[in-house]
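Asks: Here is a sequence together with a model predicted from it:
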Amino acid sequence: MNSTMASRFAAALGFLAVVLGALGAHGLTGVLSRNGTTAVWQTAAFYHFIHAVMLFVLAQRPHLPAVAWWSFFIGIFIFSGSLYLLAATNVLWIGAVTPVGGLCFLFGWGSLVFEPKQRK
């Protein structure tokens, strides 16, 4: 994937984070209150947005760190996606896959810690 495509995917995920955050704050308040899952939705939106911004930051680097980028990308879908579903449906077993997304986030951050220095 090139930097332009990575930036566009990151921007789209950032856009989606704002939409889903607003949906949770305004459109789904009744459902989330009834389910007692407002905080779950907020956590999903927070991690979604933070990692979408990180995807964008990584896409701007001269050399795209692909392992970190893909780890964050997949983590958004698994971690935040499972929390969005859990919050909206109150189907608690969906939360069992959330830690896999968290591991993707950790793997992405860890890969940046140990990323080899790039030559100029």
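Replies: On my side now, so go ahead. Numbering: from 1, shown residues only.
Asks: Go through the one helix or strand residue 9 maps to and flag the buried ones.
Replies: Here residue 9, judged by DSSP states H and E, is contained in helix 3-22. Using 16 or more other Cβ atoms under 10 Å as the test for burial, helix 3-22 gives 6, 7, 9, 10, 13, 14, 16, 17, 20, 21. In short, each C-beta sits where N, CA and C put it, glycine included.
Asks: what residues does it touch?
Replies: Outside helix 3-22, the residues that touch it by Cβ atoms under 8 Å, 6 or more residues apart in numbering are 1, 42, 44-45, 48-49, 51-53, 55-56, 58-61, 64, 69, 73, 76, 84.
Asks: If we use 7 Å, what do you get?
Replies: With contacts defined as Cβ atoms under 7 Å, 6 or more residues apart in numbering, helix 3-22 is touched by 45, 48-49, 52-53, 55-56, 59-60, 64, 69, 76, 84.
Asks: Kindly report the same for stretch 64-83.
Replies: Contacts for stretch 64-83 (Cβ under 7 Å, 6+ apart): 1, 3, 6, 13, 40, 43-44, 47-48, 51-52, 54-55, 58, 94-95, 97-98, 100-102, 104-105, 107-108, 111-112, 115.
Asks: now for that stretch, what's the gap between its first and last residues?
Replies: 28 Å (Cα to Cα, to the nearest Å).
Asks: What mean pLDDT does it get?
Replies: Across stretch 64-83, the average pLDDT comes to 95.
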